[in-house]
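Undergrad: Here is a sequence with its predicted model. Questions after.
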Amino acid sequence: MTGQSPTASLHKKDMPIQLRICVIVVSDSRYDQFTASGETDDVSGNLIKMLAEEYKHSVVKIVYVPDEISYIKDILKQYGNKDDVDLLIFSGGTGLTTRDVTIEAISPLLKKTLPGFGELFRKLSFDEIGSAAILSRALAGVFMNKVIFCLPGSPNAVKIAMQRLILPEAGHILKHVRDH
């Protein structure tokens, strides 16, 4: 916990060290590819898995769903109720096209939101890509006793979110979610 004050380090004491993550890739093309062959070459989903494992977390499942509100809601409810999942990371479907419905599907189901996640993600993205960062609708919040992150599907966005925000703070967030 480099660069943190003793108070911040104490505040993060007793947070879960190893998290169990479910990655949900929201993409019509990836879903069709997975349905047809049982495999996909999804760079962002695989990047989330690789980065999580570097932090000694386990990815219990990578799921592919089409850009359909009902599918996204169903998968959130299904994995949000599993005891062997702590964190759900959605990748894709956060853009501005009519097919991008991840935020519309997830947002109404969140018990609490973490506006700071989207704000910081857009700031970090702005530092990398400039004003196009305003197109991001990245979102985080709490569903049941799980932490939910919704990321753009681009590998660069995944890398920024995972390395700079999610992996350093996910255990800390989960600790607060579970402290009743």
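TA: Looks like it came in fine.

Undergrad: Name the residues of stretch 34-53 that come out as buried.
TA: Of all the residues in stretch 34-53, those buried under the rule 16 or more other CB atoms under 10 Å are Phe34, Thr40, Asp42, Ser44, Gly45, Asn46, Leu47, Ile48, Lys49, Leu51, Ala52. C-beta: built from backbone N, CA, C; applies to glycine.

Undergrad: avg pLDDT for it?
TA: For stretch 34-53, mean pLDDT rounds to 88.

Undergrad: which residues touch that stretch?
TA: Stretch 34-53 has contacts (CB atoms under 8 Å, 6 or more residues apart in numbering) with 19, 21, 23, 25, 27, 30, 33, 58-59, 62, 64, 89, 91-92, 151, 153-155, 157-159, 162-163, 167.

Undergrad: In PyMOL, how would I select just the buried ones from the residues you listed?
TA: A single PyMOL command is used to select the members of the contacts of stretch 34-53 judged buried by 16+ other CB under 10 Å:
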select buried, resi 19+21+23+25+27+30+33+59+62+64+89+91+92+151+153+154+155+157+158+162+167
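
Undergrad: Let me see the ranges of the helices in this protein.
TA: 6-11, 28-37, 43-54, 69-80, 102-106, 115-129, 155-160, 167-178 (DSSP state H).
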